[in-house]
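Requesting a structural model of the entry that follows:
(chains A and B)
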Amino acid sequence: MSSESSTATADVTAKRRNLLFIVIGVLSLCGLADAIYLTIEHITGQSVRCTIVAGCSEVLSSSYAVVGGYPLASIGALAYFTVFSLAILAMFGYRIASQLLILLVLAMCLVSLWLIYLQAFVIHAFCQFCLLSAIITFTLTGLALFLWKTR
Amino acid sequence: MAAISSDRLRLLWLQPWFDEASKHMKKILPFIIILLVLGVALVSAWALKKHSLSAVTPVANNVTGARPADSNPPVVTGVPGSEPPHTLGPDAAPAKLEEFGDFECPPCGILHPILVEMHKEFGDRLQITFREFPLAPAHQHAIAAASAAEAAGLQGKFWEMHDLLYENQKTWHEAFDVRPIFEGYAKQIGLDMNRYQNDLNGDQVANRILQDGKRGHSMGVKGTPTVFLNGREVPFESLPADKLRVLINLELTNHR
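Numbering: from 1, shown residues only, chains lettered A, B, ... in the order given. Modelled structure (predicted):
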């Protein structure tokens, strides 16, 4: 009887974790779409043109928007794609994937905090697409922490 | 009855194969999903890039990579802007470059030395026209800067103020009150300060900015810097000096 109840509890926990991985996967896809948009805008030069919407051109034409010759947004796209891949692998039972996912999301959270600091205190302008990415990363961080708690 | 038993037997015989296939499928399914998403992401990026490049109305004759190939956008005329326009170079110049700019826009500040270089290099073969396109309220000092340049223009010193505004963009962009800074520039270029103060908030300056804005809108300008070369919009990615030089040379060659 107790073995049946513990099996049922394990099933519920597994279902919850799978749901969590699905939410993480969907969120990372949103982040991936945002980062791809920013990367293409950067490559084609559109994001560095000033428009009636304030902020993006200042942020994306700053020296912080490029790392080692690559647009920062492309590194973001790679990070979101990795989060998505890890979430899918974790959902299919690859245990190491969920641990890597937590570590990666925490690193992304730290980078997002640094980028918000740069926008607020160094560049003095905010880009709405960068803020959207930060919101997605912070939400992912919350979910990753929850995942870590339910290990 | 016998037929049902035979079907069951057949299913039982196939069961291990189904189990094995299911196990394999479970192993490769995550990788299929990941590859599928990667494919969709790459195709979306390619489509977005294509769309972005077509949105900037590419120019024809791709010889050196400065111009995207296979299209020749129509010459855009638009409604007239402020008269007389601020120009560098003769009206008879075979290559006419018209910039819609905002003094507070960082990319316009980056384009400024490139256009100075083009002016020096091409001399009388190139005419450069500057049109006001202040992006208010995105840039809080853009109208004040445009007004200062136009007020200087009324005393024949538009380009002197234009250069000072771009060269010191980073200094005044951060300032809370730009009026004393612009007054300093006006004194530096030797303007009659009483007239400058009167013109700054006068109808003539406001009208010039408005007329340039109307011309920009009629030509489809949505951001700055937007540059037209002999009436054709120059793709934003073709504004670096080496690419712009190629485009101007092409216009000069076509004119011969």
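
average pLDDT across stretch B:108-128?
On average, the pLDDT along stretch B:108-128 is 95.

List the buried residues for it?
In terms of neighbour count (16 or more other CB atoms under 10 Å in any protein chain shown), stretch B:108-128 has its buried residues at B:108-112, B:114-115, B:118-119, B:122, B:125-128. Placement of C-beta: from N, CA and C, glycine included.

And the strands in chain B, which stretches?
In chain B, the strands defined using DSSP state E lie at B:86-88, B:95-101, B:126-132, B:223-224, B:226-229, B:232-233.

Any stretches of the chain with poor pLDDT?
With no chain named, the answer covers chain A. By pLDDT under 70, the low-scoring segments of chain A are A:1-10, A:12, A:45-48, A:52-55, A:57, A:151.

that's the wrong chain, I wanted chain B
B:1-14, B:18, B:52-73.

what does it put close to chain A?
With CB under 8 Å from any CB of the partner chain as the criterion, chain B meets chain A at residues B:26, B:29-30, B:33-34, B:37-38, B:41, B:44-45, B:48-49, B:52-53, B:55-56, B:102, B:105-108, B:110, B:135, B:137-139, B:174, B:222-226, B:235-237, B:239.

Mind doing that once more with 6 Å?
Within chain B, the positions adjacent to chain A are B:30, B:33-34, B:45, B:48-49, B:52-53, B:102, B:105-107, B:135, B:138, B:223-224, B:236-237 by CB under 6 Å from any CB of the partner chain.

Just to be sure, which of the residues you listed are found in helices?
Of the residues of chain B next to chain A, the ones assigned to helices by DSSP state H are B:30, B:33, B:34, B:45, B:48, B:49, B:52, B:53, B:106, B:107.

Which one of the residues you listed sits in the busiest neighbourhood?
In terms of neighbours by other CB atoms under 10 Å in any protein chain shown, those top out with residue B:107 at 23 neighbours.

what about it, distance to residue B:240?
Relative to residue B:240, residue B:107 is positioned 11 Å away (CB to CB, to the nearest Å).

Kindly report the same for residue B:133.
Residue B:133 sits 21 Å away from residue B:240, taking CB to CB as the criterion.

just residue A:104 next, same as before
36 Å.

So for these two, which residue has more residues nearby?
In this view residue A:104 and residue B:240 are compared by other CB under 10 Å, and residue A:104 has more residues nearby, 17 against 13.

Which elements pack onto the helix or strand that that one is a member of?
Using DSSP states H and E, residue A:104 sits in helix A:95-117. Counting contacts by 3 or more CB pairs under 6 Å, 6 or more residues apart in numbering or on different chains; DSSP states H and E, helix A:95-117 packs against helix A:72-91, helix A:128-149.

The shortest one close to chain B?
The one in question is helix A:72-91. Yes - contact between helix A:72-91 and chain B is present through A:85, A:88, A:89 (criterion: CB under 6 Å from any CB).

May I see the residues you listed arranged in TSV, with neighbour count as well?
Listed next are the residues of helix A:72-91 next to chain B as TSV, based on neighbours: other CB atoms under 10 Å in any protein chain shown:
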residue	neighbour count
A:85	22
A:88	23
A:89	21
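
Kindly list the longest helix within chain A.
Max-length helix for chain A by DSSP H is helix A:2-44.

about what we covered before: among the ones in helices among the residues of chain B next to chain A, which pair sits farthest apart?
Across these, the longest distance by CB to CB is 44.0 Å; it joins B:30 and B:106.

Measure how buried residue A:78 is and give me the count.
A count of nearby residues for residue A:78, using other CB under 10 Å, gives 14.

ah, wrong one, I meant residue B:223
22.

Pairing partners for it in the sheet, please.
Following DSSP bridges, residue B:223 is listed with bridge partners residue A:51.

So it sits against residue A:51, correct?
Yes - look at residue B:223 against residue A:51 with CB atoms under 6 Å: they come within range, at 4.1 Å.
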